[in-house]
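In: would you be able to build a 3D model of this:
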Amino acid sequence: QSSQVSAMVIQPLLPAVPATQLATFLRGSGSVFPRLESVHVIGIAIVYGTIAVVDLRLLGVTAHRRGALKLIQDLLPYTWVAFMTCVITGLLMFCANGTTYVQNTAFLFKMGLLILAGINMAVFHLGAFRRIAEWDTTLPPPARRAWPASARCCCGRAWSSWAAGSRSSDGAPRRCNHAG
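Out: Predicted coordinates:
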């Protein structure tokens, strides 16, 4: 029932967003939207990369010289800056084409996976992360269980980002327009 209430609140706002001056500017500019996409993709790569390094450390595959806590503390600021960059660029791109995106199944799937990734992160930080000091000598079972969930969410978000982005704003497949 809460999803119906959310839909009732969001639905009337969607047509108003593309009519804003910002959305019109983003759609009309030949270079701003592609630059936003580029920054968004770079941010995603940084988020995925830092999460992958931590996940691989938790599995004992890499970064053995650095303790798990130290590694997480060193990488977390980069992860958060990249994540916030993705939020800002994502919201700006949504502002320009939101009505199209909400009709794209891959985009909705991506948003669902982002919610699952957030839940996974909360469970990790509120649960297994509390005993991180022990992880430098042994890998606890909760960390072993958290890694596959993290990997599935990252892979799913990567696929859905590609699938959602492989369509133009009118829903047609994107085509390369270079000479040669």
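
In: rest of the way, CA atoms for contacts and neighbours
Out: Will do.

In: I'd like to know which elements the biggest helix by length in the chain is packed against.
Out: Longest helix in the chain, counting residues (DSSP state H): helix 68-101. Under the contact criterion of 3 or more Cα pairs under 8 Å, 6 or more residues apart in numbering; DSSP states H and E, helix 68-101 touches helix 21-28, helix 32-58.

In: surely Gly43 and Val87 touch.
Out: No - Gly43 lies out of contact with Val87 (Cα atoms under 8 Å); the separation is 9.3 Å.

In: of the two, which one has the most company?
Out: The neighbour comparison of Gly43 against Val87 (other Cα atoms under 10 Å) goes to Gly43, with 23 against 15.

In: relative to Leu56, how far out is that one?
Out: Gly43 sits 20 Å away from Leu56, going by Cα to Cα, to the nearest Å.

In: ok, Ile132 next?
Out: 15 Å.

In: okay, the two: which has more neighbours?
Out: Of the pair Ile132 and Leu56, Ile132 is the one with more neighbours under other Cα under 10 Å, namely 20 against 15.

In: for the nearest residue to that one once chain neighbours are set aside, grab the count of nearby residues.
Out: Nearest residue to Ile132, sequence neighbours excluded (Cα to Cα, 6 or more residues apart in numbering): Leu69, at 6.3 Å. Counted with other Cα under 10 Å, residues neighbouring Leu69 total 16.

In: I'd say Leu69 and Ala133 touch.
Out: Yes - between Leu69 and Ala133 there is a contact under Cα under 8 Å: 6.8 Å.

In: what number of residues lie near Thr20?
Out: Applying other Cα under 10 Å, we find 12 residues neighbouring Thr20.

In: how about Gly98?
Out: Neighbours of Gly98 (other Cα under 10 Å): 19.

In: if I look at it, how far off is Leu91?
Out: Gly98 sits 9 Å away from Leu91, going by Cα to Cα.

In: do Val39 as well
Out: To Leu91, Val39 is 13 Å away according to Cα to Cα.

In: pick out whichever of those two has more residues nearby.
Out: Val39 (17 against 13).

In: kindly provide the distance from the more buried one to Ala96.
Out: Val39 is 16 Å from Ala96, by Cα to Cα.
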